[in-house]
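*Asks:* pasting the structure only:
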């Protein structure tokens, strides 16, 4: 049982920023510090991050979060990590230096590698073993690209000099000592996003690794999502604090939303949208373009699985409106503009900037705005930007219901965009189900904190997680059925215009 002066720290390493958050036993945010990092676009379709900058920011936010509320490391009982998934780092074990920038999950440069692998067995060549289609999204082909394109990298990897990891592994290795004894680990949720792990054994698949071209000596050890891994290094902001939880960001949000029973689902509205449905201890394989993934695994228990629908561009479309078009100067302005239009004016925006993810998986798609007339103005475009997120979510939910046989009665939501009231109401309307937001919206960081805290007995069981969850907002559908059907038909027509443009 914890004392009132004890807390859990969560490192939330996302696509655009790194955050450290301190939580108390009630799951309340006690402190939070955040730093953005550079988005690097070397050419169209390529997205990179500087892994060293991310590690530097992680140290800064961890120290700042504790300093902000004058908490000493001795009051922290555990640390959890949650991370942008699939983003790939390859580094030198001896120096800790990355051999190349981190290749981000949104990056599409590995399309050709995936097409080459699909010549034998099609895009579903590894789906039965990994739960995933062959797509540029996943980490395995990104490792192969680095080994094929960085001078000497493959030879160094074959000699055992290089390590591969998703961002959780990179941070965990550095936080536990780096070149001086850092642990090279990942968890089952992140490993399930590489295309290299067998879903049934929860171990790396030697045959797939060989075929994709990734030496197994590079791979981290796969651990549970919740379980003590190692004490953090003495020189850091959290000396001696046990690292006790790792979860990919979307699985962490499931945990934070207390979606712990089969049939429970959540949708995270971030850079992209990620909808997960807990399917219990058996993986459910999709026939409708969804991913089968590990939901979480507690130490000593069977893994829980999920169906996932991943949408590449939602919140980042608002960023694009701000940074590339200059239509708004702050992300929150999109709602103000959209509210000035009674409807979308016939305008649809399909944000297929790097192809379309679930359930369509069209790498050849590109972004389009359709239905423009002289009547259309920036208010309609702002509204179309928000509506695109809701339409894409409905597509994924329909696929999920078809695969699982489970009908969604309520959608739990979290992430930055759920503060947008117009979007949440439209989401409820287009789905025809209630949409519910929790009091603590930062469910990704909270989920990693729960995983770490459970491992050290700060929380006694998952019952504590359920007890902490509380509703913070609710939207009920009010749109006539005919309007809903007409709007969604318009969206489907618009999406067809995005095909074959790459």
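*Replies:* Nice, I can see it. No experiment lies behind these values; they were computed from the predicted model shown. Numbering: from 1, shown residues only.

*Asks:* which strands or helices does the one helix or strand residue 77 maps to pack on?
*Replies:* Residue 77 belongs to strand 76-83 when assigned by DSSP states H and E. Packing contacts for strand 76-83, counted by 3 or more Cβ pairs under 8 Å, 6 or more residues apart in numbering; DSSP states H and E, involve strand 7-13, helix 167-175, strand 242-248, helix 249-256, helix 443-455. (Glycine included, C-beta is placed from N, CA and C.)

*Asks:* just checking, next helix/strand downstream of it?
*Replies:* strand 88-92.

*Asks:* can you tell me what sits against the helix or strand following that next one?
*Replies:* Next in sequence after strand 88-92, counting helices and strands by DSSP H and E, comes strand 102-103. Contacts to strand 102-103, defined as Cβ atoms under 8 Å, 6 or more residues apart in numbering, come from residues 47-51, 54, 87-89, 109, 142, 145-146, 167, 170.

*Asks:* please repeat the previous calculation with a cut-off of 6 Å.
*Replies:* Strand 102-103 has contacts (Cβ atoms under 6 Å, 6 or more residues apart in numbering) with 49, 51, 87-89, 142.

*Asks:* hmm, residue 298 is touching residue 227, no?
*Replies:* No: when contacts are counted by Cβ atoms under 6 Å, residue 298 is not listed as touching residue 227 (7.6 Å).

*Asks:* got TSV for the contacts of strand 102-103, with pLDDT, distance to residue 133 and neighbour count too?
*Replies:* What follows is these, written out as TSV (pLDDT from 0 to 100; distance: Cβ to Cβ, whole Å; neighbours: other Cβ atoms under 10 Å):
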residue	pLDDT	distance to residue 133	neighbour count
49	97	24	24
51	98	27	25
87	97	19	28
88	97	18	29
89	98	23	28
142	98	15	30
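
*Asks:* let's have these in JSON lines, adding distance to residue 8.
*Replies:* Below are the contacts of strand 102-103 laid out as JSON lines (distance: Cβ to Cβ, whole Å):
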{"residue": "49", "distance to residue 8": "26"}
{"residue": "51", "distance to residue 8": "25"}
{"residue": "87", "distance to residue 8": "24"}
{"residue": "88", "distance to residue 8": "28"}
{"residue": "89", "distance to residue 8": "25"}
{"residue": "142", "distance to residue 8": "31"}
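
*Asks:* I'd like to know which of those residues is nearest to residue 76.
*Replies:* residue 51 (24.8 Å; Cβ to Cβ).

*Asks:* can you give me phi and psi for the closest one?
*Replies:* phi -60, psi -30 (degrees, to the nearest 10).

*Asks:* do the same with residue 24
*Replies:* Main-chain dihedrals, residue 24, degrees, to the nearest 10: phi -100, psi -180.

*Asks:* how about the contacts made by it?
*Replies:* 7, 30.

*Asks:* burial count for residue 60?
*Replies:* Close neighbours of residue 60, defined as other Cβ atoms under 10 Å, add up to 15.

*Asks:* how much space between it and residue 358?
*Replies:* In this view, residue 60 and residue 358 are 35 Å apart by Cβ to Cβ, to the nearest Å.

*Asks:* kindly report the same for residue 46.
*Replies:* 22 Å.

*Asks:* these two: who's more crowded?
*Replies:* Set side by side, residue 46 and residue 358 show more neighbours around residue 358, with 27 against 16, by other Cβ under 10 Å.
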